[in-house]
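Undergrad: okay, predicted coordinates and the sequence, questions at the end:
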Amino acid sequence: MKLIITGALARLLATTLLATTLLATTAAKAEDMVFTSWGGTTQEAQTKSWAEPFTAASGIKVMQDGPTDYGKLKAMVDSGSVNWDVVDVEMDFAIKAAKDGLLEPIDFAAVPKADLDPRFTTDHAVGSFYYSFVLAWNKGAVSGEPAGWADMFDLKKFPGKRTFYKWSAPGVIEIALLADGVPADKLYPLDLDRAFKKLDTIKSDIVWWGGGAESQQLIASGEATFGQLWNGRVFALEKDGADVGVSWNQNLTAADVLVVSKGAKNKDTAMKFLAAASSPAGQAKFAEASGYAPINTKAKAEMPVDAVKSLPDAHVDGQINLDMNYWAANRDAIAARWYAWQAK
């Protein structure tokens, strides 16, 4: 097996420190805020595209924390001791979290709404970025070229470990059903019995990843030969020169959104940050740096043409939109079965 070490692995060390180190104990100005996201190359791009320009323009410091942890966010709100102001979360979580009273409503007097993609804008969230789950593989560890999700389940044709997102979230269940022959327009409501039966066929060969940086490491090192990755993580590996392949066949689309924790100490500052992060300039800079699509409809006009061509919405043939409302309504029930199955 060919092992490939890239600059992404070096950055992983730094982002691990970010994720495991407590915030500095030095006193911060009242208006300073905390931004929490998923670490790795994605949070690096958010820091450079949003946080640093925001600080330069306002003088307000944006402290970084992560990775995003839904249990921790809920515990903060429930205890009344909220340290996270703005948090990057998956959209299905945001929909349910709003219903559960975990989020502040967005102040659209402070956050311009007119140019935000309405698909990713709610009363309690504004879009962070629009992404696709794609099939990626380590070319040095794979003989041949997989064509789609069904090949992830063909251990005879493509032996080796597979890596999937370990949390209960949109993506893996749909991948299993697509690999088992379910048409894209018949995915919902999800047939969980069929999906878990399909996943059982490769369960012993699955390596789980919990964050984007980990998914990059598994594929780049060859520890996993195939993987379900966010397209931006593959984009970053390719920029670092990693010998990775990618299939956009049946790419699965969804969005991350930015939310403000209920009881956030710096709510007004958080709203100003959201305005900057969701602006045309902020979204254009982040999209160019990350490979994820912008959620501000005017952002692409500020991007180089070549950068626009690499975005998920340049791969719409066969693209499948994950149903965030279905997941929000069924999140707890699916999670209970998901984690019970993982533990077997």
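TA: Great, that's in hand.
Undergrad: which one's the longest strand in this protein?
TA: If each strand of the chain is counted by residues according to DSSP state E, the longest one is strand 244-260.
Undergrad: check which strands are paired with that strand and give the direction for each one.
TA: Using DSSP bridges, the neighbouring strands of strand 244-260 in the sheet come out as strand 86-90 (antiparallel), strand 126-138 (antiparallel), strand 320-321 (parallel).
Undergrad: which parts of the next helix or strand after the longest one are buried?
TA: This points to strand 126-138. Once strand 126-138 ends, the next helix or strand along the chain (criterion: DSSP states H and E) is strand 162-165. By neighbour count on 16 or more other C-beta atoms under 10 Å, the buried set for strand 162-165 is 162-165. For glycine as for every other residue, the C-beta is placed from the backbone atoms N, C-alpha and C.
Undergrad: now strand 162-165: average pLDDT?
TA: Strand 162-165 shows an average pLDDT of 97 in the prediction.
Undergrad: about what we covered before: same for whichever helix or strand comes after the longest strand of the chain, what does it pack against?
TA: Remark: after strand 244-260, the chain's next helix or strand is helix 267-277, criterion DSSP H and E. Using 3 or more C-beta pairs under 8 Å, 6 or more residues apart in numbering; DSSP states H and E as the contact criterion, the secondary-structure elements in contact with helix 267-277 are strand 33-36, helix 52-58, strand 86-90, strand 126-138, strand 244-260, helix 280-290.
Undergrad: by how many degrees do helix 267-277 and strand 126-138 diverge?
TA: Here the directions of helix 267-277 and strand 126-138 differ by 60 degrees (axes from the mean of the first three to the mean of the last three C-alpha atoms, to 10 degrees).
Undergrad: need the contact partners of helix 267-277.
TA: Outside of helix 267-277, the residues that reach it under the criterion C-beta atoms under 8 Å, 6 or more residues apart in numbering are 31-33, 35, 46, 50-51, 53-54, 57-58, 60, 62, 85-86, 104, 106-107, 110-112, 126, 128, 258, 260, 264, 282-283, 286.
Undergrad: how many neighbours does Gln319 have?
TA: Other residues within reach of Gln319 by the criterion other C-beta atoms under 10 Å amount to 16.
Undergrad: do the same with the one 4 residues further on
TA: Asp323 sits with 18 neighbouring residues when counted by other C-beta under 10 Å.
Undergrad: model confidence at it, what's the number?
TA: Per-residue confidence (pLDDT) for Asp323: 96.
Undergrad: kindly report the same for Ala14.
TA: At Ala14, the model reports a pLDDT of 44.
Undergrad: repeat for Val142
TA: If you check Val142, the pLDDT there is 89.
Undergrad: quickly note the distance from it to Gly148.
TA: As defined by C-beta to C-beta, to the nearest Å, Val142 lies at a distance of 14 Å from Gly148.
Undergrad: among the two, which residue is more densely surrounded?
TA: Each of Val142 and Gly148 has its neighbours counted (other C-beta under 10 Å); Val142 has more, 20 against 16.
Undergrad: thought the more buried one was touching Phe158?
TA: Yes: because the distance of 6.5 Å satisfies C-beta atoms under 8 Å, Val142 is recorded as touching Phe158.
Undergrad: which neighbours do these two share?
TA: Residues within reach of Val142 and of Phe158 at once, by C-beta under 8 Å, 6+ apart, are 225-226.
Undergrad: name the residues that touch the lengthiest helix in the chain?
TA: For the chain, the helix with the greatest residue count under DSSP state H is helix 324-343. By C-beta under 8 Å, 6+ apart, the residues outside helix 324-343 that reach it are 91-93, 95-96, 99, 166, 168-170, 173, 188-190, 192, 196, 199, 208, 254-255.
Undergrad: return the set of buried residues in it.
TA: Of the residues in helix 324-343, those scored as buried under the neighbour-count criterion (16+ other C-beta under 10 Å) are 324, 326-331, 334, 338.
Undergrad: list the contacts of the residue most central in space within the chain.
TA: The C-alpha lying nearest the average C-alpha coordinate of the chain belongs to Asp256 (C-alpha atoms, centre = their mean; 5.9 Å). Contacts for Asp256 (C-beta under 8 Å, 6+ apart) come out as 88-91, 127-129, 131.
Undergrad: tabulate the buried residues of strand 162-165 (TSV), appending distance to Trp230.
TA: Listed next are the buried residues of strand 162-165 as TSV, based on distance: C-beta to C-beta, whole Å:
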residue	distance to Trp230
Arg162	16
Thr163	12
Phe164	12
Tyr165	9
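Undergrad: just to revisit the earlier point, what would the strands paired with strand 244-260 look like in JSON lines with mean neighbour count and distance to Gln228?
TA: Putting the strands paired with strand 244-260 into JSON lines (neighbours: other C-beta atoms under 10 Å; distance: least, C-beta to C-beta, whole Å) gives the following:
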{"stretch": "strand 86-90", "mean neighbour count": "25", "distance to Gln228": "14"}
{"stretch": "strand 126-138", "mean neighbour count": "26", "distance to Gln228": "5"}
{"stretch": "strand 320-321", "mean neighbour count": "16", "distance to Gln228": "13"}
